[in-house]
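Q: the sequence and its predicted three-dimensional model are supplied below.
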Amino acid sequence: MNAHVTHSTNPAMSQTTTAPARSATHNTFTIERRVKAPAERVYAAFADPVAKAKWFAGTTGQWTPDIRDFDFRVGGHERLRGTWHTGMVSDFQATYFDIVPNERIVYTYDMYVNTKKLSVSLATIQVIPEGATTRLVITEQGVFFDGNDDAANRERGTQGLMDKVVASVEAG
């Protein structure tokens with residue numbers, strides 16, 4: 001839906017322009033995975049920069065990283081910006097708010113494409129030991145702006161990332 005705005009300094013010379021529609025759509029989703037590895041290895045997949053780089057990246061051959069900054073601590077920031085073979089640039093910018101080693105990570109992140117802000121999310125990762133396996137639970141609460149992204153797309157993307165985490169951790 002577009003808003004129509006009339007600009008006029010002289011009623012006889014008024015003109016109408018169309019302003020872009022603004023919206024904010026909220027959603028929450030939770031994804032769970034069972035990992036055949038101890039909790040310490042699952043946690044390290046998020047906390048160790050080398051381990052995280054193995055799974056947190058664009059598709060090989062279709063994406064090139066431009067910036068990869070990783071300051072994993074409460075108050076620390078993470079950024080991963082890369083260029084796709086199509087020329088599109090994706091930019092993930094996060095801040096860590098709560099870290100309990102081998103148990104929990106809480107962070108917020110902004111997601112951009114070509115400098116357009118798509119969303120802001122609060123993510124909680126829980127690493128729960130269950131015998132010889134670990135239950136990995138991620139909950140995201142997001143707000144998606146102006147129809148540029150949506151919760152279903154983000155949930156599919158996060159499911160794909162969690163599958164990559166599991167594969168990376170189980171491969172050793």
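A: Everything's here; your move. Numbers count the residues shown, from 1 in each chain.
Q: count the residues that sit near the closest residue to residue 64 other than its chain neighbours.
A: Counting by Cβ to Cβ, 6 or more residues apart in numbering, the nearest residue to residue 64 once its immediate chain neighbours are dropped is residue 83, at 5.4 Å. For every residue, glycine as well, the C-beta is placed using N, CA and C. Using other Cβ atoms under 10 Å, residue 83 has 14 neighbouring residues.
Q: in the chain, which spans are strands?
A: Here the chain has its strands, by DSSP state E, at 3-7, 15-19, 24-35, 63-70, 77-84, 89-100, 104-113, 116-130, 133-145.
Q: what mean pLDDT does the second one get?
A: Translated: strand 15-19. In this model, strand 15-19 has an average pLDDT of 56.
Q: distance of residue 47 relative to residue 41?
A: Separation of residue 47 from residue 41 (Cβ to Cβ, to the nearest Å) stands at 11 Å.
Q: actually residue 128, not the one I wrote
A: 14 Å.
Q: give me the common contacts of the two.
A: Shared contacts of residue 128 and residue 41, defined by Cβ atoms under 8 Å, 6 or more residues apart in numbering, are found at residue 134.
Q: between these two, which one's more packed in?
A: Higher neighbour count among residue 128 and residue 41: residue 41, with 19 against 15, using other Cβ under 10 Å.
Q: I figured the more buried one hits residue 168, correct?
A: No - with contact defined as Cβ atoms under 8 Å, residue 41 does not reach residue 168; the gap is 9.7 Å.
Q: where in the chain is pLDDT low?
A: Along the chain, the model assigns pLDDT under 70 to residues 1-20.
Q: longest helix of it?
A: As assigned by DSSP state H, the longest helix anywhere in the chain is helix 151-171.
Q: kindly format the C-alpha coordinates of that one as PDB.
A: Provided in PDB are the C-alpha atoms of helix 151-171 (Å, rounded to 0.1, in the frame of the first residue of the first chain):
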ATOM      1  CA  ALA A 151       9.400 -14.600   8.600                       C
ATOM      2  CA  ALA A 152       8.800 -17.700   6.400                       C
ATOM      3  CA  ASN A 153      11.900 -16.900   4.300                       C
ATOM      4  CA  ARG A 154      14.000 -16.200   7.400                       C
ATOM      5  CA  GLU A 155      12.900 -19.400   9.100                       C
ATOM      6  CA  ARG A 156      13.800 -21.400   5.900                       C
ATOM      7  CA  GLY A 157      17.200 -19.700   5.900                       C
ATOM      8  CA  THR A 158      17.800 -20.400   9.600                       C
ATOM      9  CA  GLN A 159      16.800 -24.000   9.100                       C
ATOM     10  CA  GLY A 160      19.400 -24.300   6.400                       C
ATOM     11  CA  LEU A 161      22.000 -22.700   8.600                       C
ATOM     12  CA  MET A 162      21.200 -25.100  11.500                       C
ATOM     13  CA  ASP A 163      21.600 -28.100   9.100                       C
ATOM     14  CA  LYS A 164      25.000 -26.700   8.100                       C
ATOM     15  CA  VAL A 165      25.900 -26.500  11.800                       C
ATOM     16  CA  VAL A 166      24.900 -30.100  12.400                       C
ATOM     17  CA  ALA A 167      26.800 -31.300   9.400                       C
ATOM     18  CA  SER A 168      29.900 -29.300  10.300                       C
ATOM     19  CA  VAL A 169      30.000 -30.500  14.000                       C
ATOM     20  CA  GLU A 170      29.300 -34.100  13.100                       C
ATOM     21  CA  ALA A 171      32.000 -34.100  10.500                       C
END
